[in-house]
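Peer 1: Provided below are the primary sequence and the corresponding predicted coordinates.
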Amino acid sequence: MPIVVKNDFTSFILELQENDYTIAFCDCDVNNEKCVNWIKVIKKLRPKISLIVISKETDKSTGGKLYQEGIFNLCEKPLNKDYLKEVLSAILTSTKSGGKIKKFES
């Protein structure tokens, strides 16, 4: 499965407009409100994409907002590789596709 990495939000959005990815990782180490806004844009552009948000710290309020916007999962750093495998397996099993994965790092 190909993995594409973009380091800025603009490039990430352009890539999403051109490709229909199954999964996207959003590494949100910046302002959590900014991350919520990014998720809104991504979900408007690709409502069916499975979004996994990765963050160092996320308070319950922000976590709730992220889930309301339709993320698939919220993973805190440091990542637990076994848990992440389970999340990816759940996504890929539910979509039954060998789709592409997209990653955006802030």
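Peer 2: On my side now, so go ahead.
Peer 1: rest of the way, CA atoms for contacts and neighbours
Peer 2: Will do.
Peer 1: worst-scoring helix or strand of this protein, pLDDT-wise?
Peer 2: Ranking every helix and strand in the chain by mean pLDDT, DSSP states H and E puts strand 101-105 at the bottom, with a mean of 58.
Peer 1: Secondary structure element for the closest residue in space to residue 32 that isn't next to it in sequence, which one?
Peer 2: Nearest residue to residue 32 in three dimensions, chain neighbours excluded: residue 62, at 6.8 Å (CA to CA, 6 or more residues apart in numbering). Per DSSP states H and E, residue 62 falls inside helix 60-68.
Peer 1: quick one: the helices in this protein?
Peer 2: Assigned by DSSP state H, the chain shows helices spanning 9-18, 32-45, 60-68, 81-95.
Peer 1: Compute the inter-axis angle for the second one and helix 60-68.
Peer 2: By that I understand helix 32-45. 10 degrees (axes from the mean of the first three to the mean of the last three CA atoms, to 10 degrees).
Peer 1: buried residues in helix 32-45?
Peer 2: 32, 35, 36, 38, 39, 40, 42, 43 (16 or more other CA atoms under 10 Å).
Peer 1: Quick check: bridge partners of residue 54?
Peer 2: Counting by DSSP bridges, residue 54 is bridged to residue 27, residue 75.
Peer 1: can you tell me how far it sits from residue 18?
Peer 2: Separation of residue 54 from residue 18 (CA to CA, to the nearest Å): 24 Å.
Peer 1: Same question for residue 9.
Peer 2: 14 Å.
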